[in-house]
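In: quick check, what structure comes out for this input:
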Amino acid sequence: MIKKDLRKIYKEKRINLRAAEKNKLEDLILIRFQQLDIEIRPNIMTFASIDKYNEFEPRLITDYCFFKNPAQSLFYPVINTGEDKMYCVQVNGQTEFNTNKFGIDEPVDGLIILPEELDIILVPLLCFDHKGYRVGYGKGYYDRFLKECRKDVIKIGFSFFEPVPEIADIKEHDIKLDYCITPFKTFHF
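Out: The predicted structure follows:
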């Protein structure tokens, strides 16, 4: 299947998850993440989940990471549509967020760091395939940003659903995940 069709199918599948079911699936994903054999390094980029799409809540993961490594610094993406570019901004407990034109909460201000300074990136997705490619929301911001990161940055996606066999329209600019965690299996690419 192509990204456009997968995007539609998986948005619908996620929206149809009941709250109790979503909470259970998130708990199972958190348990799987806790079993992941990686070092929780200090510079972690996460994202604000989009409620209307019933997106996975990455705060479960970042709270656990903070427990494992209290020296962690947390970063969120900020999209500059004029430049067609995504930046990475450090946040803390006092950071204010505004909703951007895509319906995503972003920090209002904060220290911008270079992509190569990140250690772990939690990557949003709608679905993924057996090779580690993902379908996002279709704007390409993450793939362009990930190209600027170090080769050893750990890219992790989270999905309520198992992978599709193949995303038919992968392009050379698409970046693979290193891991994708579902409620029932952890995939390492």
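In: next, the residue nearest the centre of the chain: phi, psi?
Out: The residue lying closest to the centre of the chain (CA atoms, centre = their mean) is V123, at 2.0 Å. Backbone torsions of V123, given as degrees, to the nearest 10, read phi -110, psi 120.
In: how near is I31 to F189?
Out: 21 Å (CB to CB, to the nearest Å). Where C-beta positions appear, they are placed from N, C-alpha and C, glycine not excepted.
In: which one of those two has more residues nearby?
Out: Neighbours per residue, other CB atoms under 10 Å: of I31 and F189, the larger number sits with F189, 15 against 12.
In: right, and L146 touches D174 too?
Out: No. Contact criterion CB atoms under 8 Å: L146 and D174 do not qualify, at 9.4 Å.
In: low-confidence regions, this protein specifically.
Out: Within the chain, no stretch falls below the threshold (pLDDT under 70).
In: name the helices or strands packed onto the longest helix seen in the chain?
Out: When every helix of the chain is counted residue by residue (DSSP state H), the longest turns out to be helix 19-34. Other elements packing on helix 19-34 under the criterion 3 or more CB pairs under 8 Å, 6 or more residues apart in numbering; DSSP states H and E are helix 59-68, strand 154-158, strand 179-181.
In: got the CA positions of stretch 38-47 in PDB?
Out: Coordinates of the C-alpha atoms in stretch 38-47 are reproduced here as PDB (Å, rounded to 0.1, in the frame of the first residue of the first chain):
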ATOM      1  CA  ILE A  38      19.500   0.700  25.400                       C
ATOM      2  CA  GLU A  39      21.200   3.300  27.500                       C
ATOM      3  CA  ILE A  40      19.000   6.200  28.500                       C
ATOM      4  CA  ARG A  41      21.300   9.000  27.300                       C
ATOM      5  CA  PRO A  42      20.600  12.600  28.300                       C
ATOM      6  CA  ASN A  43      19.300  14.500  25.300                       C
ATOM      7  CA  ILE A  44      15.900  13.200  24.300                       C
ATOM      8  CA  MET A  45      13.600  14.700  21.700                       C
ATOM      9  CA  THR A  46       9.900  13.800  22.100                       C
ATOM     10  CA  PHE A  47       6.700  15.200  20.700                       C
END
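In: so what touches it?
Out: Applying CB atoms under 8 Å, 6 or more residues apart in numbering, the contact partners of stretch 38-47 are 58-59, 61-62, 65, 68-69, 71-77, 88, 104, 113, 117-124, 154, 179.
In: check stretch 92-110 too.
Out: 47-48, 50, 52, 74, 76-79, 81, 89-91, 137, 139.
In: any of those residues buried? List them.
Out: The neighbour count (16 or more other CB atoms under 10 Å) marks 47-48, 50, 74, 76-79, 89-91, 137 as buried among the contacts of stretch 92-110.
In: show me the residues you listed that map onto strands.
Out: Mapping the buried ones among the contacts of stretch 92-110 onto strands (DSSP state E) picks out 74, 76-79, 89-91.
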